[in-house]
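Novice: how would this look folded up:
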Amino acid sequence: MKNLWLVTQRKPLESVEPIPWLRWLLRMYFKWRGFAARDYDGRSYASIEYRGVFEDECEAYHAARCEGGAVKPIPFNAALPEETVQYCTNDVPIGEASAFYRKGVPLPFIAVPREEVEQWTRLETKIDEVRAASA
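Specialist: As a prediction, the model looks like this:
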C-alpha cells in the first residue's frame, strides 16, 4: 500500500497553554483518552488546517516546519476504518512534543497494511522452520 503524507497546521499546545506542567498533564490526558484537542474556538476543541498532501516524506516535513505544523502518513486510494485507529504515527517537527507524538498514542486498535502483516507471517514461518530443523 502506498502512503501519502498529509500536512496539517494547528496552534501548538505551547502557544495556548504557557504553563509547562499543565501542558504535560494535558498530554497525559490526551494519551489516556486517545484524543488530542489543542485549541478551543468557542465551538469545538480542534483547529486543524489542511496544508497539503505530498508523495515525498521530506517535502512533507519541509512544509510542516511551521508553528503548529504536523505530518502524518495516510493510505492512498484506501480508507482507514471508521473506528478510531492508530495508523503509523504523526510528528510535529518543530514542536516541543515531537518525540511524544512520534512515539504514538496507544489506542485499542491499530491499522496495519495487509502487506506488512503478510511479511510478518512469512518471517514467523521461517523462524518456525529454523526451530524445527534445529530440534
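Novice: residue contacts, residue 98?
Specialist: Residue 98 sits next to 91-92 when contact means C-beta atoms under 8 Å, 6 or more residues apart in numbering. Bear in mind the C-beta positions are built from the backbone N, C-alpha and C, glycine included.
Novice: Roughly how far does it sit from residue 70?
Specialist: Relative to residue 70, residue 98 is positioned 10 Å away (C-beta to C-beta, to the nearest Å).
Novice: list residues touching both of the two?
Specialist: Here residue 98 and residue 70 have 91-92 as joint contacts, going by C-beta under 8 Å, 6+ apart.
Novice: residue boundaries of the strands in the chain?
Specialist: Under the criterion DSSP state E, the chain contains strands at 3-9, 49-54, 69-75.
Novice: Give me the below-cutoff pLDDT ranges for the protein.
Specialist: Scanning the chain for pLDDT under 70 picks out the ranges 1, 10-11, 33-48, 105, 108.
Novice: again, only this time at 80
Specialist: Applying pLDDT under 80 to the chain flags residues 1, 5, 7-17, 27, 29-50, 82-86, 89, 101, 104-113, 135.
Novice: just how off-centre is the longest helix anywhere in it within its chain?
Specialist: What stands out as the longest helix in the chain, according to DSSP state H, is helix 114-134. Offset of helix 114-134 from its chain centre (C-alpha atoms, centre = their mean, to the nearest Å): 28 Å.
Novice: Among the strands of the chain, which comes closest to residue 91?
Specialist: Residue 91 lies closest to strand 69-75 among those, at 5.5 Å (C-beta to C-beta).
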